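**Student:** Here is the input, now give the coordinates:
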Amino acid sequence: MDARQRGKAGEQEACVFLRRAGYRIVETNYFCKMGEIDIVAEKGDYIVFAEVKLRKSDRFGTAGEFVSLSKQRKIISTAMLYLSQHPTEKQPRFDVIEIYAPEDVSRSNISINHIENAFE
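**Tutor:** Numbering: from 1, shown residues only. Got it, this is the predicted structure:
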């Protein structure tokens, strides 16, 4: 499995996780000239823009620590464009979903950590 396939599998696992937690997936891989948002989801009063980070372990830092300030700015700009195209009364929130898969994303030994309001 190459890096792109591994990333796609991680995003699919994140969608399954969010659905089980009561989120409705609105869109995946929203792409525009400003950047990309891995998952757009809704739950309650929130529209959630989620960045999925997949790592084998947290040996060199948590997966969420790899969402740099410049990456956060790109995600926020992309979300602003998304909201201009898809108006909503819901409150925007930026989350990070950390996925740790030591071997293969398709195996049962993965762990997922959902960080709400990760950019604050």
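
**Student:** ok, and the closest non-adjacent residue to Lys90?
**Tutor:** Ile47 (4.1 Å; C-beta to C-beta, 6 or more residues apart in numbering). C-beta here means a position set from N, CA and C on the backbone, and glycine is covered the same way.

**Student:** ugh, typo on my part, it should be Ala21
**Tutor:** His114 (7.2 Å).

**Student:** any idea which helix or strand carries the one you found?
**Tutor:** strand 111-115 (DSSP states H and E).

**Student:** before we move on, back to that, starting at the chain centroid, how far to whatever helix or strand the residue nearest to Lys90 lives in?
**Tutor:** Element membership of Ile47 [criterion: DSSP H and E] is strand 46-55. In this view, strand 46-55 has its centroid 2 Å away from the chain centroid, taken as C-alpha atoms, centre = their mean, to the nearest Å.

**Student:** The helix or strand encompassing Glu98 pairs with which strands, and in what direction?
**Tutor:** Applying DSSP H and E as the criterion places Glu98 in strand 91-100. Counting by DSSP bridges, the strands paired with strand 91-100 are strand 46-55 (parallel), strand 111-115 (antiparallel).

**Student:** ok, the host helix or strand of Phe31: who's next to it in the sheet?
**Tutor:** Secondary structure from DSSP H and E places Phe31 in strand 24-32. Sheet pairing for strand 24-32, assigned by DSSP bridges, gives strand 35-43 (antiparallel).

**Student:** Could you list the buried residues of the helix or strand of the chain with the lowest mean pLDDT?
**Tutor:** The least trusted helix or strand in the chain, going by mean pLDDT, DSSP states H and E, turns out to be helix 3-20, with a mean of 88. Buried residues in helix 3-20, counted by 16 or more other C-beta atoms under 10 Å: 6-11, 13-15, 17-18.
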